[in-house]
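Build the 3D model from these lines:
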Amino acid sequence: MGDLAEMVRVLLIVWLSGLALCVLIAILRRRISLEGLFASKNAGRMDPERVAVFVSAVVAIGGYALQIMADGAVCNEDMSYCSMPDVPDTLLYLLAAGNGSYIAGKIVRKYVRKVGLHV
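Model (predicted):
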């Protein structure tokens, strides 16, 4: 059973790497547009909160993926049930901070537009 699990793990890594490569090639060939990823529609300039939520998501997903590759699945004693490892609290805090900054930025920008200030 260990050989099968290792083979599946390697195949998943190869498949996900291939998928990431396909997406990267499509981005570089401009088939996938990144316009608006870091900038709002109205201002047209980069919003720091969008960068913060993107970076926190990428770091959290990468950190969790590294943990899964290092630790593997969590199984009970008789191996009848296996599950993904728990997400570490630090990654949850990182995601919460990134999303909190995004929401706070949206609120501030809406208020600033109402008042008529330019930020």
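
tell me the domain ranges of this structure?
Domain segmentation of the chain under automatic domain parsing yields 1-33, 35-119.

what about the helix or strand where residue 20 lies, average pLDDT?
Assessed by DSSP states H and E, residue 20 sits inside helix 2-28. Here helix 2-28 scores 87 as its mean pLDDT.

This structure: helices as residue ranges?
Applying DSSP state H to the chain gives helices spanning 2-28, 48-71, 89-115.

where does this structure dip in pLDDT?
Within the chain, the stretches with pLDDT under 70 are 1-2, 42-44, 117-119.

one step back: summarise which helices and strands the helix holding residue 20 is packed against.
Judged by 3 or more Cβ pairs under 8 Å, 6 or more residues apart in numbering; DSSP states H and E, helix 2-28 is in contact with no other helix or strand. Where you see a C-beta, it was placed from the backbone N, CA and C, and this is true even at glycine.

let's see it at 10 Å
Helices and strands touching helix 2-28, as assessed by 3 or more Cβ pairs under 10 Å, 6 or more residues apart in numbering; DSSP states H and E, comprise helix 48-71.

Looks like residue 40 contacts residue 48 (just checking).
No - if you go by Cβ atoms under 10 Å, residue 40 and residue 48 don't touch, sitting 11.2 Å apart.

what about the two, which has more around it?
Neighbour tally, residue 40 and residue 48, criterion other Cβ atoms under 10 Å: the higher count belongs to residue 40, 15 against 11.

Ramachandran coordinates for the residue nearest to the more buried one when sequence neighbours are not counted?
Nearest residue to residue 40, sequence neighbours excluded (Cβ to Cβ, 6 or more residues apart in numbering): residue 47, at 5.4 Å. Per-residue torsions, residue 47: phi -100, psi 120 (degrees, to the nearest 10).

Now for residue 47: which residues touch it?
Residue 47 makes contact with 38, 39, 40, 53, 102, 105, 106, 109, according to Cβ atoms under 10 Å, 6 or more residues apart in numbering.
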